[in-house]
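# Generate coordinates for the sequence data below:
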Amino acid sequence: MSTLEKIQPLVSIVEARERWRAEGRTVALANGVFDLLHVGHVRYLEGARALADVLVVAVNSDASTRAYKGPGRPYIPEAERAELVAALSCTDRVVVFDEPNVRGIIRALKPDVHVKGTDYTPDSIPEADEVRAYGGRTAVSGDPKDHSTTDLARRLGREGAK
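Below is the predicted model:
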């Protein structure tokens, strides 16, 4: 499957989810903005993929990112952020979402595990109740929060000021 073919609407991924379930394959869902993709994102997604047979990544839309991060964000448009995430070998499917959280995606997809980065614990994941309601579980992956797009953008701004 090509990079662009991995980017699909939720309805198509839910259909594929039924096939994966019938084949006995497990599914992990990870989500994020992924603006200025960095090594922290890669480690998070690779860790999420290690927890299941299939990794679906939900990428915040531009509108969702502005609502969450502020009016100056995102730096990279949603289509390009989704393509970058889809290009990673650990990623099987990518969906762009407009909502402020992934509760609707979780209800539709019912992943075996919902994975967040290390700025959470399995119990502090905001959608944990949604996942546990159908018997799924939550997990945390990635390295310590030593990398961030905000810090990267700040450093790039300094370089540009010289």
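
# At which residues are the strands of this protein located?
27-32, 54-60, 93-97, 113-116, 137-140 (DSSP state E).

# Could you export these to TSV, including columns for distance to M1 and mean pLDDT?
Yep, even glycine has a C-beta here, placed from its N, CA and C like the rest. Compiled in TSV, the strands of the chain are given as follows (distance: least, C-beta to C-beta, whole Å; pLDDT from 0 to 100):
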stretch	distance to M1	mean pLDDT
strand 27-32	16	98
strand 54-60	12	98
strand 93-97	9	98
strand 113-116	21	97
strand 137-140	25	97
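
# Save the ones you listed as a markdown table, and put in mean neighbour count too.
Listed next are the strands of the chain as a markdown table, based on neighbours: other C-beta atoms under 10 Å:
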| stretch | mean neighbour count |
| --- | --- |
| strand 27-32 | 25 |
| strand 54-60 | 26 |
| strand 93-97 | 22 |
| strand 113-116 | 26 |
| strand 137-140 | 19 |
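
# Reformat the ones you listed as TSV; add distance to P74.
Output for those, formatted as TSV (distance: least, C-beta to C-beta, whole Å):
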stretch	distance to P74
strand 27-32	11
strand 54-60	8
strand 93-97	11
strand 113-116	19
strand 137-140	24
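
# looking at those, which is closest to K6?
strand 93-97 (5.4 Å; C-beta to C-beta).

# what's the angle between that closest one and strand 27-32?
40 degrees (axes from the mean of the first three to the mean of the last three C-alpha atoms, to 10 degrees).

# Show me what stretch 126-135 is in contact with.
101-103, 106-107, 110-111, 113-114, 122, 125, 137-138 (C-beta atoms under 8 Å, 6 or more residues apart in numbering).

# quick one: the most centrally placed residue in the chain from L156, how far?
The residue lying closest to the centre of the chain (C-alpha atoms, centre = their mean) is N31, at 2.2 Å. Distance of N31 to L156, given as C-beta to C-beta, to the nearest Å: 25 Å.

# helices and strands of this structure: which one has the lowest mean pLDDT?
helix 149-161 (a mean of 69; mean pLDDT, DSSP states H and E).

# number of nearby residues for D151?
14 (other C-beta atoms under 10 Å).

# try E23
9.

# Need phi/psi at it.
Per-residue torsions, E23: phi -80, psi 0 (degrees, to the nearest 10).

# Can you check the pLDDT for it?
As predicted, E23 sits at a pLDDT of 98.
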